[in-house]
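Colleague: What follows is a predicted structure for the sequence shown.
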Amino acid sequence: MTGAVVYKPLAMVVPGERLAKDLFDEQGSLLMNAGVALDERTCRRLQQVCGVKCVPVEAVDAAVRLQARRAAVDRSLEHLFRHWRYSQAMNHLRALLANHRREMARG
Amino acid sequence: MSVQLRVDVDGALRQRPGLPGPVASVLAASRNDTLNRERVSELLLQVPGLAARLMGVVNAPFFPIGEPVDSLASACLRLDSPTLERAIIASVLLGQFPPATGERFDRAAFWEHSVGVGVIAQTLAGAIGDDRQLAFTGGLLHDIGRLLLDVHFPREFRSILRYQRRHDTWIRDAEVAVLGIDHCALGASAAEQWNLPADVIEVIRYHHSPESGSIREGATLTVHLADVLARGLEFGNPGDDTIPMLSQVAMKRLGLNWEVLRWALLEADPYLPTARQLVRSTVGAETSVSA
């Protein structure tokens, strides 16, 4: 992390990016605390329910961001495949998905 | 422990509002080969928002019709009957269940998953020379039974979601544990009541039973595989955060291997943002069915 803050449209937020500042609505009520990791569902709800368009996120450099994305892919596949640890076919599928998603994360 | 609310699905569905009259007329017209296409076009215009949704579907890069069409009239005149019927079915149902307020089920994310499955299924169908439009439409509607649970059986569906979270199980297992039936049976029953084509009903009924001897359509198998792959990509949200077993039998019956699945993911990937866009532009239009 660089310590800098970047304002991003919600559609551009990469899952796992962290909110850099507390987020308030127009009435001044706290919506979300700084430091919260944003995911797709949170972004969608911020947009649809709270009318938020842009959010301040913690800026990270490209290498760190790539590493974080890869780690996020591995974590989410670990969770998704938690019931299939001993299935050869599902382990094969998991490896295929991991490679694909890591490639896509590289952009 | 099983909760077992068990519902008489057919009886319960009969008591629920079906598709609104004009929508049912459009679906019936799309199946009627003898009906003048200008009349079909007129009927489409009677359902608010439907014409725009239909144009969005037929011109999507993953709904293969060849050259894009520039008007509703030209879509009705140019497309052959099965293509027009599938496009109308997709457009009608995308508009029937808009996102609801509340926490229990994210319908926008559900539709994203469904369109994503359609995109991957039609890619797989293209790889084996199968019917791509059927694969897309089947993929789009494969989980429609789950949406019907949310819309028409909210109390039971809340129990299902609670069971699923408490037991950390696949949502289909939770459906069976709580209701005694799953979204496949419910969706197929509703699709029969709506007089959807038999091939689409088969996809809805058997996409989680790819070993079934009753399967006649390759689309049922491609949708099974596409569903697992879309879950693996975490594209949209089908209602839970697990992944069902990928059927080796389905792969064998289609003559597919891991390399083709890898290729299909790469091929489908550029279309997924467009799929998301289609959901945003179509789901949420006016509707007569409410929770």
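Modeller: Cool, got the structure.
Colleague: Please report phi then psi for the residue nearest in space to the middle of chain A.
Modeller: For chain A, the residue sitting closest to the mean C-alpha position, by CA atoms, centre = their mean, is A:Pro15 at 1.3 Å. Recorded main-chain torsions at A:Pro15 are phi -50, psi 130, according to degrees, to the nearest 10.
Colleague: Just the pLDDT for residue 1.
Modeller: No chain in the question, so chain A it is. A:Met1 is assigned 51 on the pLDDT scale.
Colleague: Not quite, go with chain B.
Modeller: Predicted confidence (pLDDT) for B:Met1: 46.
Colleague: which of the residues in the helix or strand where B:Val203 lies are buried?
Modeller: Per DSSP states H and E: B:Val203 is located in helix B:198-206. Residues B:199-206 are the ones in helix B:198-206 that count as buried (16 or more other CB atoms under 10 Å in any protein chain shown). Every residue, glycine included, has its C-beta placed from N, CA and C.
Colleague: Same question for stretch A:69-76.
Modeller: For stretch A:69-76, by 16+ other CB under 10 Å, it's A:69, A:72-73, A:76.
Colleague: out of the residues you listed, which are inside helices?
Modeller: A:69, A:72-73, A:76 (DSSP state H).
Colleague: Quick check: which of these are also close to chain B?
Modeller: A:Ser76 (CB under 8 Å from any CB of the partner chain).
Colleague: and the closest residue to A:Gly35 other than its chain neighbours, how many neighbours?
Modeller: Leaving aside its sequence neighbours, A:Gly35 sits nearest to A:Arg18 (CB to CB, 6 or more residues apart in numbering or on different chains; 5.7 Å). For A:Arg18, the neighbour count with other CB atoms under 10 Å in any protein chain shown is 15.
Colleague: Could you do the one 3 residues further on as well?
Modeller: Using other CB under 10 Å, A:Lys21 has 15 other residues around it.
Colleague: And for B:Gly116?
Modeller: B:Gly116: 29 neighbours (other CB under 10 Å).
Colleague: what's the nearest residue to residue 81 if we skip its chain neighbours?
Modeller: I'll assume chain A. A:Arg94 (4.9 Å).
Colleague: wrong one, I was asking about chain B
Modeller: Nearest to B:Ser81 is B:Asp33, by CB to CB, 6+ apart, at 5.5 Å.
Colleague: got it, and B:His167?
Modeller: Counting by CB to CB, 6+ apart, the residue nearest B:His167 is B:Ala174, at 7.0 Å.
Colleague: quick one: contacts for the one you found?
Modeller: B:160-161, B:163-164, B:167, B:240 (CB atoms under 8 Å, 6 or more residues apart in numbering or on different chains).
Colleague: tell me the contacts of the residue nearest to A:Phe81?
Modeller: Per CB under 8 Å, 6+ apart, neighbours of A:Arg94: A:77, A:81, A:84, B:232.
Colleague: so which of these would you say is closest to B:Arg39?
Modeller: Nearest to B:Arg39 out of these is B:Gly232 (CB to CB; 44.0 Å).
Colleague: now that closest one, what's its secondary structure?
Modeller: When classified by DSSP: H, G, I helix; E, B strand; the rest coil, B:Gly232 comes out as helix.
Colleague: Might you report the residue contacts of it?
Modeller: B:Gly232 sits in contact with A:77, A:80, A:93-94, A:97, B:243, where contact means CB under 8 Å, 6+ apart.
Colleague: mind running it again at 10 Å?
Modeller: By CB atoms under 10 Å, 6 or more residues apart in numbering or on different chains, the contact set of B:Gly232 is A:76-77, A:80-81, A:90, A:93-94, A:96-98, A:100-101, B:243, B:246, B:261, B:265.
Colleague: can you give me the strands for the chain?
Modeller: Since you didn't name a chain, this refers to chain A. For chain A, the strands defined by DSSP state E cover A:5-9, A:23-24, A:30-32, A:54-58.
Colleague: Would you mind finding the most buried of those?
Modeller: Of all the strands of chain A, strand A:54-58 has the most neighbours on average by mean count of other CB atoms under 10 Å in any protein chain shown, namely a mean of 18.
Colleague: quick one: contacts of it?
Modeller: Contacts of strand A:54-58 (CB under 10 Å, 6+ apart): A:1-14, A:17-23, A:31-32, A:34-35, A:37-38, A:42-43, A:46-47.
Colleague: one more time with 7 Å
Modeller: A:1, A:5-10, A:13, A:17-21, A:23 (CB atoms under 7 Å, 6 or more residues apart in numbering or on different chains).
Colleague: Pipe those into JSON lines and attach distance to B:Val92 per row.
Modeller: As requested, these are arranged in JSON lines below (distance: CB to CB, whole Å):
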{"residue": "A:Met1", "distance to B:Val92": "48"}
{"residue": "A:Val5", "distance to B:Val92": "46"}
{"residue": "A:Val6", "distance to B:Val92": "42"}
{"residue": "A:Tyr7", "distance to B:Val92": "40"}
{"residue": "A:Lys8", "distance to B:Val92": "36"}
{"residue": "A:Pro9", "distance to B:Val92": "32"}
{"residue": "A:Leu10", "distance to B:Val92": "30"}
{"residue": "A:Val13", "distance to B:Val92": "33"}
{"residue": "A:Glu17", "distance to B:Val92": "38"}
{"residue": "A:Arg18", "distance to B:Val92": "42"}
{"residue": "A:Leu19", "distance to B:Val92": "40"}
{"residue": "A:Ala20", "distance to B:Val92": "44"}
{"residue": "A:Lys21", "distance to B:Val92": "44"}
{"residue": "A:Leu23", "distance to B:Val92": "39"}
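Colleague: Pick the one among those closest to chain B.
Modeller: A:Leu10 (12.7 Å; CB to the nearest CB).
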